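Novice: no sequence for this one, just the structure:
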């Protein structure tokens, strides 16, 4: 039996407990042993949950229990999620997280600390919900130099843009509907201003190029200024407007990074990614384009990604493979060269700013 | 330095040598050591190739060299590819293959033999060219029970159907054009009769369900009877005809497997997969739908998948993780239950036979 602890029992935390239970047999077969949720850390109690008896309120109980091999951080926000992750890694426990903010802010430190302690820091669920994009970039595309990444990484904005295109709705109408359906928060700024997508492209870019750029250095423009006229004009041009987060290497060796609406050419597969779905188009130097598509959010899809990471660690207990390390970088530009821009316009589309 | 041997120096073999050379730095970083092509087995000589000095004509040289850790089989056809793979595994060498015929015919035996000898048998390139579908199903979707797979697994037929839809071409015209462009062989039967797609779905189904079904037990119908009228009728119904290879578990625990044209609903992401591209739509019980899209063939994309497998083995030399084992199964049906069919029609589309 392999004991793990969940930090946070909200949407993703409870989904993770659920996936581990529903798919217990598959998980055991893949992990090589039964996975047991020994503790759940939350401020609240859950007397009505079947997992209620695992709830603790004191993190020290978890950190000091040598039986706990994996700590799964699903708290959201930078603090105390970062400090709890540090403590777990220092105690020789691998950490799995769905928390893009912590990975984008502290990925370099946490990966170094994991290496120092012969454990791993995995974050498949931090980008693209259930889409296995992190593992694909780490392992499957290992034989490639990655040249460019284009991602539809935020489901809320993609839903709004799809509604505007398909039903001619205004931005305000589509946002209101997204809020009613629970796709957008009461305060939707992190989504519609592109902040969420920006954190995610920082993580993908670090995986591709080994350099983590702070998200506030990345030119980020959301969808708030997109009008129905813009959408119609794009359609007339054989394009569809999408919020595209992008990263590439410039010929001078800088990182080009930007988040903004792009009029995507209809023959590019990103143009047909609709509603709350996410997709990441990765271009490798020998592979060409591959695209990964799926539900970018939601309790069970995201929890599935968390569980894949837990299983990966359980399979390698005592002998974790070494992870890629990241360095911090400020070597970033929001300008493509003229040659890059011409090539991008042909293959992908036209950035609207 | 890790020594490997390539069996076959055709399209994929020479592509693999090329990817290992062009991306030598990335490969070394990921593999933990330099990867050296010590031998290339081929009947021919290649005096003009920079790899010409590695060519040998006697397989015993490779099998008997303890320095060779990985044998990469890219010969095509069942024999002697199968016998060569057996010999390598018995000699304690891991085997990487792009040969779908061998995996579909002898996967059970070869996986068992690999386990017995503490090595691995990897075959990422056998399905979907450069698309990392095998690794995704093995690792990334590990926390899921896979319910259903729908794949556009043959680029030639997808090109023909795309030409028929987009330009109103007849089957004969589109096939001729595919042959002129090198997308279809002079004898195109393996593609257009669905045989190639069938072998691939047998492999994906074995990964999902642990049971390998012989391809001649799978109902397989190609695209030869599709007319321009069929294509137009589908379009009028909001559908696009695709050759879809499919596998699912029936409520009675049988495997449902079939390869045939399907009128795919326009809101299903498979409907927009055009030209020679491949895509695999995987449905997990907690994950929902994820789709993997990319070039399903071609020298460098396929070689990229081969190289990812080589790197994976090199990373774990002396300590290969255990692989899933397959059992042979005849527990297969080509009939969906009425309930499955109704659900499939809504989510995916209408099989045309």
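Specialist: Arrived safely. The model shown is predicted, which means the values in this text are computed figures rather than measured ones. Residues are numbered from 1 along each chain as shown, chains lettered A, B, ... in the order given.

Novice: identify the spatial nearest neighbour of the residue of the stretch 201-350 of chain A found nearest chain B, chain neighbours not counted.
Specialist: Chain B sits closest to residue A:307 of the stretch 201-350 of chain A, with a gap of 3.0 Å, by C-beta to the nearest C-beta. C-beta: built from backbone N, CA, C; applies to glycine. Nearest residue to residue A:307, sequence neighbours excluded (C-beta to C-beta, 6 or more residues apart in numbering or on different chains): residue B:143, at 3.0 Å.

Novice: burial measure for that neighbour, as a count.
Specialist: 31 (other C-beta atoms under 10 Å in any protein chain shown).

Novice: just the pLDDT at it, thanks.
Specialist: Here the pLDDT value assigned to residue B:143 is 77.

Novice: check which helix or strand covers it.
Specialist: Using DSSP states H and E, residue B:143 sits in no helix or strand.

Novice: and the host helix or strand of the residue of the stretch 201-350 of chain A closest to chain B, what other elements does it pack with?
Specialist: Element membership for residue A:307, per DSSP H and E: helix A:299-315. With contacts taken as 3 or more C-beta pairs under 8 Å, 6 or more residues apart in numbering or on different chains; DSSP states H and E, helix A:299-315 sits against helix A:11-22, helix A:24-31, strand A:35-41, strand A:68-73, strand A:94-97, strand A:121-122.

Novice: contacting residues around the longest one?
Specialist: Pointing back at helix A:11-22 there. Helix A:11-22 has contacts (C-beta atoms under 8 Å, 6 or more residues apart in numbering or on different chains) with A:6-7, A:9, A:27, A:35, A:37, A:40, A:42, A:49, A:51, A:72, A:74, A:98, A:125, A:299-300, A:302-304, A:306-307, A:310, B:143-144, B:285-286.

Novice: quick check: closest non-adjacent residue to residue A:171.
Specialist: Per C-beta to C-beta, 6+ apart, closest to residue A:171 is residue A:226, 6.2 Å.

Novice: phi, psi for that neighbour please.
Specialist: phi -80, psi 130 (degrees, to the nearest 10).

Novice: that one contacts residue A:241, correct?
Specialist: Yes: at 6.1 Å, residue A:226 counts as touching residue A:241 under the criterion of C-beta atoms under 8 Å.

Novice: coming back round to it: ok, now which ones touch the residue of the stretch 201-350 of chain A closest to chain B?
Specialist: Shown in contact with residue A:307 (C-beta under 8 Å, 6+ apart): A:16, A:19, A:20, A:23, A:27, B:142, B:143.

Novice: what about residue A:83, how many residues nearby?
Specialist: The local packing of residue A:83 (other C-beta under 10 Å) involves 12 other residues.

Novice: give me phi/psi at it?
Specialist: phi -60, psi -40.

Novice: which pLDDT value goes with it?
Specialist: 98.

Novice: go on, residue A:236?
Specialist: At residue A:236, pLDDT is 97.

Novice: what do you get for residue A:200?
Specialist: So residue A:200 comes in at 97 (pLDDT).

Novice: and it, how many residues sit next to it?
Specialist: 26.

Novice: and residue A:351, by the same measure?
Specialist: Neighbours of residue A:351 under the rule other C-beta under 10 Å: 20.

Novice: and residue A:263, by the same measure?
Specialist: Residue A:263 is flanked by 24 other residues according to other C-beta under 10 Å.

Novice: next: residue A:221.
Specialist: Around residue A:221 there are 18 other residues, counting by other C-beta under 10 Å.

Novice: please apply the same query to residue A:44.
Specialist: Using other C-beta under 10 Å, residue A:44 has 9 other residues around it.

Novice: that one contacts residue A:10, correct?
Specialist: No: between residue A:44 and residue A:10 there is no contact under C-beta under 8 Å: 9.4 Å.

Novice: what's the overlap in contacts for the two?
Specialist: Jointly contacting residue A:44 and residue A:10 under the rule C-beta under 8 Å, 6+ apart is no residue at all.

Novice: need the residues of the stretch 1-150 of chain A near chain B, please.
Specialist: Neighbours of chain B within the stretch 1-150 of chain A, by C-beta under 8 Å from any C-beta of the partner chain: A:15, A:18-20, A:22-23, A:26-27, A:30-32, A:124, A:130-132, A:135-136, A:139-145.

Novice: which residues does residue A:291 contact?
Specialist: Neighbour list for residue A:291: A:269, A:270, A:279, A:280, A:281, A:282, B:291, B:292, B:293, B:294 [criterion: C-beta under 8 Å, 6+ apart].
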